[in-house]
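In: fold the following, please.
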Amino acid sequence: MAKLFMAEDDPLMIRMYERAFRLGGHELTMAGDGEEALLTLGKMDPKPDVILLDVMMPKMSGFDVLRKVKEDPKLKNIPAILLTNLAGAEDAEKGLQLGAVAYLVKSQYTPKQVVAKVEEIAQASSRDELIPKVKVEIKNIEENKNG
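Out: Next comes the predicted model:
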């Protein structure tokens, strides 16, 4: 069981991921915007095993939250995943440069697949292994249609 933190502003996504992570036996703490995310992360004790951030949120973007997390000595070593609707390679590159271990486009993964990816990252992190090298996972939709 992993202790997870997720910042997401879409109520439908919140319910969907909350259900998926709880069914997987994980403890999930949520925040609805970037400012709340930083406040909540600062108060969490123990700290989460994995942080999931939506990119487009009110008050502060997921990129800005990630930047602050990586500047905080108590949070910087926690693996962070950007979970977003932004499918652009530029956004993915920006997220990875800021320190995200993965950049997942919501429309390309089921909640169950996201849970599996989070579990993989949490397990690697808990064993003090190097987290697998950052992967940008943007599936080629055109390829899927034609193939």
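In: going forward, measure contacts between C-alpha atoms and count neighbours the same way
Out: Will do.
In: so what does the residue nearest the centre of the chain look like in phi/psi?
Out: Geometric centre of the chain, nearest residue: Leu52, 2.3 Å, by CA atoms, centre = their mean. When quoted as degrees, to the nearest 10, the phi and psi of Leu52 stand at phi -110, psi 130.
In: surely it meets Ile78?
Out: No: in this structure Leu52 lies outside contact range of Ile78 using CA atoms under 8 Å: 10.4 Å.
In: who touches the residue nearest to the centre of the chain in this structure?
Out: Residues near Leu52 by CA atoms under 8 Å, 6 or more residues apart in numbering: Leu4, Phe5, Met6, Ala7, Ala80, Ile81, Leu82, Leu83.
In: please convert those to TSV, extending it with secondary structure, pLDDT and neighbour count.
Out: Written out in TSV, the entries for those read as follows (DSSP: H, G, I helix; E, B strand; the rest coil; pLDDT from 0 to 100; neighbours: other CA atoms under 10 Å):
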residue	secondary structure	pLDDT	neighbour count
Leu4	strand	95	20
Phe5	strand	97	23
Met6	strand	96	26
Ala7	strand	96	29
Ala80	strand	96	28
Ile81	strand	95	27
Leu82	strand	94	27
Leu83	strand	91	23
